[in-house]
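>>> okay, predicted coordinates and the sequence, questions at the end:
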Amino acid sequence: MSQPSQPSQPQLRYFNRGQLETMLVSANSTYIIAPRGYGKSEGIDAPRLLEVVHLMPRSVSAILSPTYRKLNINTLPAVSKALARYGYHRGIHYFVGRKAPAKMNFAMPHTEPFDWNYAIHWYNGSVQNMISFDQSMSANSMSLDFIFGFEAKFLPYEKIKSEVAPANRGNRDLYGHCHLHHGCLYTTDMPTSKSGKWIFDKQQEMNPDLIALIKLTYTHLHTLRHQSQPSQSSPKSLQSKLQKDLSTLRTSHLRNNEPISTVFYAEFDPFDNLEILGERFFHDMRRDLPPLLFRTSILNQRPGKVENGFYSSLVPSIHYYIANNNARLENLIRSAPSGYDPTAIADESSLHDADVEPTQPLIIANDYNAAINSLVCAQLQGRTLRTLKSFFVKTPRKLPDVVKDFCLYYRTHLSRDLIYYYDSTAIYDNPLGGDSFADAVIKVLTASGWNVTPIYIGQPMRHRLKHHYINEALRGNPEYTFPLFNRDNNPYLTFAMEQTGIRAGRNDFEKDKSAERDPDSTEAPDEKKTHITDAWDTLFIGVNFFPTTPSTGGIATTFL
């Protein structure tokens, strides 16, 4: 019996904005948080599964599940139903939990599974190994070409890193041409527990300018392909070049001269699917579900900050902003398709930020610890304190390294004037040498060409006073500078501020820093604890209670 043919010409079907965006970008590594009822299985999971199957025939990928029960009860039925709507049917185009019968004449994968009971066999030889983390079966000995995680918030990230990710290797001679090779797709509704919040960190791996460039390149290519009368200025060779560029952009780019996979991360709006679900669905869910579950699972909102926390007046919709400078990206597009460099936008610097005033001084403060060192950078723009970006390093990297990261990022900043606020915690002896922590910071800054004005603010302020002043500022009291935060450049700082609580101290209430006693781990990383908030507190107190004008070192005439 011959192999089954692909389905007949597919019918026109509706896709919402997020589904279309995911398909268009088609990044090597994709992480999607979308609410229940959004159409993840039909509009995101199934299309990417079919892409992998057809672009890499005879390849071996993996479908991850927290438990074998969830795999069979939730994951597979949803995916199979979605595949059927595309015309691919179980028992005809693929078999689950068995090798296809010999009479079906299915092709075989390049690497046959050890156990067909945990595999999906496609007619062109592609295979997905079904890996559940409550089974003894492991990915350690596998050689995978792609990874699917359809319920990502339930997946143990430590095992993904230690067992699955290392198996995503090999076969470059067979599939190195495919932009999805060695990629992954993780989809989920909004995580609410610590164990599922690892996916939030993937947002920091995405380069928004790169994703924008992919979209613009695709649009240009699509326009050329659908011209009613192709002009001499858009020959087939131009389309071929754009297609090659698009594949390169989707696959990988350079960061610090190292190749990294292109990542697409998105949290989609539930009302993208309003035409399908209808208004009644949202009314019913609001009536039937607990408020937290409704906000997270249906409205796709991240779990909010702790109630009555230390930064209780912090409101994301008021105090967070987005400021991306696309001028450099636009210049690249203008030069297309004559030869723009797809990797050029990976060069990280403050040139990408629209909120930086390049001729004005920067303001920084640090937090000093053995395991993690943090730095917060801001500018005072009128009566607004804009927190531009925050940095951290963890052991084995130390305090000088986080300062060097800051210097590298702001190497193109025109003004070389900088105000450095520090308190008594910075004048203790530095275990790295005879200098204090403050001395070590100033030494690195000076060596990098900064004209530093160090301002000592004394002993740390009592928590009750600090809490009062900061929250007055957040509420807009004109006696203090109004704090704003660049959302994309301060993900760990804002997360930590939202989650910082209050507890009773020996003499008064205080910031709850008890989590700092717990060791650094995937579930409770140090960068999401209160360490970095102490750096921001020092900066806020310095700006408001120790205002100063930096000694002027002038404007840089060359980029460092």
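Cool, the structure landed.

>>> test my guess that residue 312 contacts residue 470.
No. Assessed by C-beta atoms under 8 Å, residue 312 is found out of contact with residue 470, at 9.5 Å. Any C-beta I mention is one placed from the backbone N, CA and C, and that applies to glycine too.

>>> give me the phi and psi for the closest residue to residue 501 other than its chain neighbours.
Of all residues not flanking residue 501 in the chain, residue 512 sits nearest, at 4.0 Å (C-beta to C-beta, 6 or more residues apart in numbering). Main-chain dihedrals, residue 512, degrees, to the nearest 10: phi -80, psi 100.

>>> could you do residue 438 as well?
Torsion angles, degrees, to the nearest 10, at residue 438: phi -60, psi -40.

>>> ok, residue 264 to residue 30 distance?
Residue 264 sits 5 Å away from residue 30, going by C-beta to C-beta, to the nearest Å.

>>> identify the contacts common to these two.
Residues touching both residue 264 and residue 30 (C-beta atoms under 8 Å, 6 or more residues apart in numbering): residue 22.

>>> model confidence for the residue minimising distance to the centre of the chain, exactly?
The chain has residue 203 as the residue nearest its centroid, 1.0 Å off, counting by C-alpha atoms, centre = their mean. Looking at residue 203, its pLDDT is 91.

>>> residue contacts, it?
31, 265, 491.

>>> mind listing the helices for the stretch 301-450 of the chain?
316-319, 327-335, 399-409, 437-447 (DSSP state H, counting those that start in this stretch).

>>> weakest of these by average pLDDT?
helix 327-335 (a mean of 52).

>>> looking at this, the residue nearest to the centre of the chain is in a helix?
Yes. Looking at residue 203 with DSSP: H, G, I helix; E, B strand; the rest coil, it is inside a helix.

>>> low-scoring stretches of the stretch 1-150 of the chain, by residue?
Within the stretch 1-150 of the chain, the ranges that satisfy pLDDT under 70 run 1-11, 135-140.

>>> swap in 80 and give it another go.
Residue ranges of the stretch 1-150 of the chain with pLDDT under 80: 1-13, 67-70, 72-73, 134-141.

>>> where do the helices of it begin and end?
17-25, 40, 46-55, 68-70, 76-85.

>>> of those, which stretch is the most buried?
Among the helices of the stretch 1-150 of the chain, ranked by average contacts under mean count of other C-beta atoms under 10 Å, first place goes to helix 40 (a mean of 25).

>>> what comes into contact with that helix?
32, 34, 150, 187, 189.

>>> okay, now the domains of this protein?
14-207+262-297, 348-545 (automatic domain parsing).

>>> ok, for residue 165, nearest residue in space, not its chain neighbours?
Nearest to residue 165 is residue 147, by C-beta to C-beta, 6+ apart, at 7.7 Å.

>>> which helix runs longest in the chain?
helix 208-225 (DSSP state H).

>>> please identify the buried residues of the helix or strand residue 241 falls within?
In this assignment (DSSP states H and E), residue 241 forms part of helix 236-251. Going by neighbour count (16 or more other C-beta atoms under 10 Å), the buried part of helix 236-251 is 238-239, 241-242, 245-246, 249-251.

>>> touching it from outside, list them.
Counting by C-beta under 8 Å, 6+ apart, 25-28, 177, 179, 181, 210, 213-214, 217-218, 220-221, 224-225, 261-262, 336-337, 340, 342 sit against helix 236-251.

>>> which of the residues you listed count as buried?
25-28, 179, 181, 210, 213-214, 217-218, 220-221, 224, 261-262, 336-337, 340, 342.

>>> and residue 407, how many neighbours?
18 (other C-beta atoms under 10 Å).

>>> how about it: what's its closest non-neighbour residue?
That would be residue 448: by C-beta to C-beta, 6+ apart, it lies 4.0 Å from residue 407.

>>> would you check that that neighbour makes contact with residue 409?
No. Here residue 448 does not reach residue 409: they are 11.2 Å apart, not a contact under C-beta under 8 Å.

>>> how near is residue 42 to residue 78?
Residue 42 is 8 Å from residue 78, by C-beta to C-beta.

>>> cool, and residue 301?
23 Å.

>>> what of residue 413?
Taking C-beta to C-beta, one finds residue 413 at 50 Å from residue 78.
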